[in-house]
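Colleague: No letters, just coordinates:
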């Protein structure tokens with residue numbers, strides 16, 4: 001599973017690097033995937049996460065890029081460290097540093113947790 005998981009993670013990371021997180025979720029996440037923020041709040045399924053991200057992206061003037069600093073893969077588990085660059089509607093620049101932790105089952109992400117750096 002590790003090699004397959006490496007390929008699946010690479011696909012998600014490619015989407016993320018292009019700012020196409022919604023496409024990654026549609027393709028690679030289980031319908032009942034739980035998404036948990038660093039403050040403990042969560043969304044209980046893929047539809048809630050898509051709505052959340054759609055609302056978030058609507059607050060931006062632009063998504064300017066994402067840099068993957070590194071990733072690690074274990075048994076049905078993967079992490080990746082990112083810096084996201086965005087521009088708010090008022091023109092201010094946003095730099096967001098985050099570690100993503102994913103749990104996998106049957107080729108789909110079943111849980112994703114975000115840790116702000």
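Modeller: The structure has been received and is ready for your questions. Quick caveat, the model's predicted, so the values are computed rather than measured.
Colleague: Do I have it right that residue 100 meets residue 113?
Modeller: Yes: with contact defined as CB atoms under 8 Å, residue 100 reaches residue 113; the gap is 7.4 Å. (Each C-beta comes from the backbone N, C-alpha and C, glycine too.)
Colleague: Just the strands from this protein, written as ranges.
Modeller: If DSSP state E is used as the criterion, the strands of the chain fall at 29-36, 42-43, 60-74, 77-88, 93-105, 108-116.
Colleague: what helices or strands is the longest one leaning on?
Modeller: If you count contacts as 3 or more CB pairs under 8 Å, 6 or more residues apart in numbering; DSSP states H and E, strand 60-74 packs onto helix 2-17, strand 77-88.
Colleague: Of these, which is nearest residue 42?
Modeller: Relative to residue 42, the nearest member of the helices and strands packed on strand 60-74 by CB to CB is strand 77-88, separated by 18.1 Å.
Colleague: how about the nearest residue to residue 28 once chain neighbours are set aside, what does it touch?
Modeller: Here the nearest residue to residue 28 in space, its sequence neighbours aside, is residue 12; by CB to CB, 6 or more residues apart in numbering that works out to 5.4 Å. The contact partners of residue 12, taken as CB atoms under 8 Å, 6 or more residues apart in numbering, are 24, 28, 102, 109.
Colleague: now, the most widely separated pair of those?
Modeller: By the measure CB to CB, 24 and 102 form the most distant pair in the contacts of residue 12, at 10.6 Å.
Colleague: picking up where we left off before, can you flag the weakest of the helices and strands packed on strand 60-74 by average pLDDT?
Modeller: Within these, the least confident segment by mean pLDDT turns out to be helix 2-17, at a mean of 90.
Colleague: Just the buried residues of that helix, please?
Modeller: Of the residues in helix 2-17, 5, 8-9, 12-13, 15-16 count as buried by neighbour count, 16 or more other CB atoms under 10 Å.
Colleague: In JSON lines, list those along with distance to residue 90.
Modeller: Supplementary listing: the buried residues of helix 2-17 in JSON lines, determined by distance: CB to CB, whole Å:
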{"residue": "5", "distance to residue 90": "40"}
{"residue": "8", "distance to residue 90": "37"}
{"residue": "9", "distance to residue 90": "35"}
{"residue": "12", "distance to residue 90": "31"}
{"residue": "13", "distance to residue 90": "30"}
{"residue": "15", "distance to residue 90": "27"}
{"residue": "16", "distance to residue 90": "25"}
